[in-house]
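In: Please work out how this folds:
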Amino acid sequence: MSTSTMWLLLFVVVALALLVAALTKTKFTVQKISIIGVMAALSLVAYEFFRIPNVFGSGSSFHLGNTFTALTAMLLDGVSGGLAGAIGLALADILAGDPGYAITTFILKFIIGLVCGFVAHKVIHLKDYPTANRGKYLLVVTASAFSGLLVNVFTDPFIGYFRNRFIFGQPGKHNDHITKLLIVGETVSVPGGWIGFPAHRHDYERPGKECVLDEIFSFQMTSTEDGPGRGGVMQHGYDLTDENKKIWDEVNVIEENNTAVALPTGYHTTVALPGTRAYLLWGLAGDTKKYKVQFDERYSWLEGCLY
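Out: Next comes the predicted model:
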């Protein structure tokens, strides 16, 4: 999904939240709008400065931003609490350059506010709840606050799946299978040095000798200290018959960084041009995670040499 589409979707989500506010007949006074704005700002500050990233290596972060969502919902109403958390924490995602995450963040925080407000004002009737027994009152306040957070435990992975699948365009469960078959590596070459010599291929399924692998390269190049520009690399690709006669033969000079080259078939090797330091990021993928390649047999006398 393009960035402009993400912004449009975020606008639609905000419009739907305002529609919910209208349907629930939520009244907004100047005082209430001011409180929502302050709580939204506090949510943003709490997220930015009181956050523990990657808790227990799970990739999730612990932060106090949701505290102000629940607090606003209990002080005012669910819609106001939802708007405070949604605006503040969605803004945090936008400032981080993640409008795609801002969409689902807005939805999730709005839901937290709605649930907290519903439990606090429709189930417990917090405003009319007797405060004489402070322990019991604290218990119902805590229950109101945690009700929204508990719902978030279930809504977060559900909405997160749709975010990853439809906003970011990531594949579903089969993506795990693809990842397990991916072989990734990197190679650095000195000026004038070869990368992957003798040339090799991985086009045929020959148990123990060669397997079918698709490959893609990405190049980064810098010049030596005294050289102008960033230089380049030369990639040689060709294929042979069983009698070692060439079927095709190509040489490409790559001079732009971040150039990606896909190699569907054939033998291939790369050399950094004089005066160029080359970095090569490469990825291989096939039906199985095996790395078996066939070197050009015309250079079999080089067996055992570094390449």
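
In: Please identify the buried residues of stretch 287-304?
Out: Burial within stretch 287-304, assessed by neighbour count using 16 or more other C-beta atoms under 10 Å, is assigned to 290, 292-296. (Glycine included, C-beta is placed from N, CA and C.)

In: quick one: least confident of these?
Out: Among the buried residues of stretch 287-304, residue 290 carries the weakest pLDDT, at 78.

In: ok, now how distant is the nearest residue to that one once chain neighbours are set aside from residue 106?
Out: Leaving out its chain neighbours, the residue that sits closest to residue 290 by C-beta to C-beta, 6 or more residues apart in numbering is residue 211, at 4.9 Å. Distance of residue 211 to residue 106, given as C-beta to C-beta, to the nearest Å: 47 Å.

In: Kindly report the same for residue 198.
Out: In this view, residue 198 and residue 106 are 56 Å apart by C-beta to C-beta.

In: Who has more neighbours out of these two?
Out: Between residue 198 and residue 106, counting by other C-beta atoms under 10 Å, residue 106 is the more crowded of the two (25 against 18).

In: where does the more buried one land in three-state SS?
Out: For residue 106, the assignment made with DSSP: H, G, I helix; E, B strand; the rest coil gives helix.

In: For it, report the pLDDT, please.
Out: 89.

In: from what I can see it touches residue 10, true?
Out: Yes - with contact defined as C-beta atoms under 8 Å, residue 106 and residue 10 form a contacting pair (6.8 Å).

In: Can you tell me which helices and strands the longest helix seen in the chain packs against?
Out: In the chain, taking DSSP state H as the definition, the longest helix is helix 134-162. Contacts defined by 3 or more C-beta pairs under 8 Å, 6 or more residues apart in numbering; DSSP states H and E place helix 134-162 against helix 65-75, helix 99-118.

In: CSV for those, including distance to residue 260?
Out: Formatted as CSV, these follow (distance: least, C-beta to C-beta, whole Å):
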stretch, distance to residue 260
helix 65-75, 38
helix 99-118, 23
